[in-house]
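sequence and predicted structure below; questions after.
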Amino acid sequence: MDLLRSKAKNTHSDECCMQAALGWLALAQDVCGRKGVSAAYYLGRGWDAAYPETSGYIIATFLAYYELSSEISFLERALQIGDWEIGIQSSNGGVLSNLTGSETRIFNTGQVILGWCALYEKTGENKYLTSAVKAADYLSKNQERNGAWIKDTYCGARTYHSRVDWALLRVAHLTGKKRYTAVAKMNLRWILAQESSNGWFSNCGFYSDLPNMHVISYTMRGLLECFSMDFSVLSCLNILPAVERAAENLCLYIQTNPVNSISGMLPASFNHRWQSHNKHACLTGNAQWACFLYRLAQVTGKTTYAECASLILSGVKSTQLLSDCLPAIDGAIAGSYPLYSGYMKCAYPNWATKFFADALMLKKHHERGFNIHA
């Protein structure tokens, strides 16, 4: 069966693929009672429970699609997720790791803050900003003296917490409270201290694993968005050169070493020399990397980044399955290519499809300054 062999062959239009991806995300919310979004669909065992972290940043995807399409149902869906997230927010202000326990997580909290901030900007309803501020206070209280976060993390201090800094700066922007900017700046200093001269970051991967494209992209997008918010107190950090060093290495790599000779298909992970021995790809991270490069093209004015983004996006798009015969995965993006190996194998995580949809929207509209704040 083509699905299990993971043949890359989708030739549908970008618009068709985007609508299919948004349709699948809507289905993943429907199976959870129109509240949060199911974490993933697993071949063999079906739908997972709603996942607070990624449901939080899917809010911004739904709002962006509503802005572009005027389809009111996606505004309603974003509001439903935001209200659900408020309802399950921990008393300490943090966001739960999952729905079956009481542990809160630093990274997860940052991602839901991004969703609440987007909803506040769209609706002006104070309840979303109130929850975002409560969550930002939780982040502030749990920061270490060196600027990192260790407590309430998945595997300790990590560079991908740059997306938490992005969330804190969003709250600072909306409230005018400088203390959140100070917290973000401390962590950004710690993150940038992990960078090598070639743009590779230590403490980026999960535990001792090499960083895969998922966490590399998290790190770079978070740094770029922090830079683009243009807080004067961050100008001394020289964030953009660090971001571009990584971007240049990976843009060069994709031109010469695509996975399985599939144009635009980056390998799953990289070592400190920007080398990879992987024969599979992290589709999740590749979709994220395309988003990042479209944004980098906006910020720098360098069209080569957008060209590379489109190449990578074409590789991800080629794996999307559009088939009425398999509604549970129709329009979704798998965690990895081939499907049965690597990150989130034999599964369709909602965040892979979220970033794929984001990338398609950015491809079409990035030249006019369009962004998705999550």
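Ah, there it is.

so residue 27: helix, strand or coil?
At residue 27 the chain is in helix, as set by DSSP: H, G, I helix; E, B strand; the rest coil.

what residue, apart from its backbone neighbours, is nearest it spatially?
Of all residues not flanking residue 27 in the chain, residue 327 sits nearest, at 7.4 Å (CB to CB, 6 or more residues apart in numbering). C-betas here are computed from N, CA, C, even on glycine.

before we move on, what about residue 147?
Counting by CB to CB, 6+ apart, the residue nearest residue 147 is residue 186, at 3.4 Å.

any idea how many residues pack against residue 261?
When neighbours are counted by other CB atoms under 10 Å, residue 261 registers 7.

any idea how far residue 117 is from it?
Remark: distance between residue 261 and residue 117 (CB to CB, to the nearest Å) = 42 Å.

same question for residue 63.
Using CB to CB, residue 63 is found at 11 Å from residue 117.

same deal with residue 277?
From residue 277 to residue 117 the distance is 40 Å (CB to CB).

show me the shaky parts of this structure.
Applying pLDDT under 70 to the chain flags residues 1-9.

tell me the SS of residue 325?
Under the three-state scheme (three-state DSSP), residue 325 adopts coil.

who does the nearest residue to residue 28 once chain neighbours are set aside bridge with?
In space, and not counting its chain neighbours, residue 28 is closest to residue 38: 4.3 Å by CB to CB, 6+ apart. Beta-bridge pairing of residue 38 under DSSP bridges involves residue 50.

and residue 38, what does it touch?
By CB atoms under 8 Å, 6 or more residues apart in numbering, residue 38 lies in contact with 28, 29, 31, 32, 47, 48, 49, 50, 51, 350.

just the buried residues out of the residues you listed, in PyMOL syntax.
The buried subset of those, as determined by 16 or more other CB atoms under 10 Å, is captured in PyMOL by this line:
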select buried, resi 28+29+31+32+47+48+50+51+350
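
tabulate the contacts of residue 38 in JSON lines, adding columns for distance to residue 21.
Formatted as JSON lines, the contacts of residue 38 follow (distance: CB to CB, whole Å):
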{"residue": "28", "distance to residue 21": "11"}
{"residue": "29", "distance to residue 21": "13"}
{"residue": "31", "distance to residue 21": "16"}
{"residue": "32", "distance to residue 21": "18"}
{"residue": "47", "distance to residue 21": "17"}
{"residue": "48", "distance to residue 21": "18"}
{"residue": "49", "distance to residue 21": "21"}
{"residue": "50", "distance to residue 21": "18"}
{"residue": "51", "distance to residue 21": "17"}
{"residue": "350", "distance to residue 21": "10"}
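
ok, residue 283 to residue 170 distance?
From residue 283 to residue 170 the distance is 27 Å (CB to CB).

more neighbours, these two?
Taking neighbours as other CB under 10 Å, residue 283 and residue 170 compare with residue 283 leading, 32 against 27.

would you mind measuring from that one to residue 208?
Noted for residue 283: a distance of 23 Å to residue 208, by CB to CB.

which ones are touching residue 12?
Residue 12 is in contact with 20, 320, 322, counting by CB under 8 Å, 6+ apart.

at 10 Å instead, please
By CB atoms under 10 Å, 6 or more residues apart in numbering, the contact set of residue 12 is 18, 19, 20, 317, 320, 322, 331.
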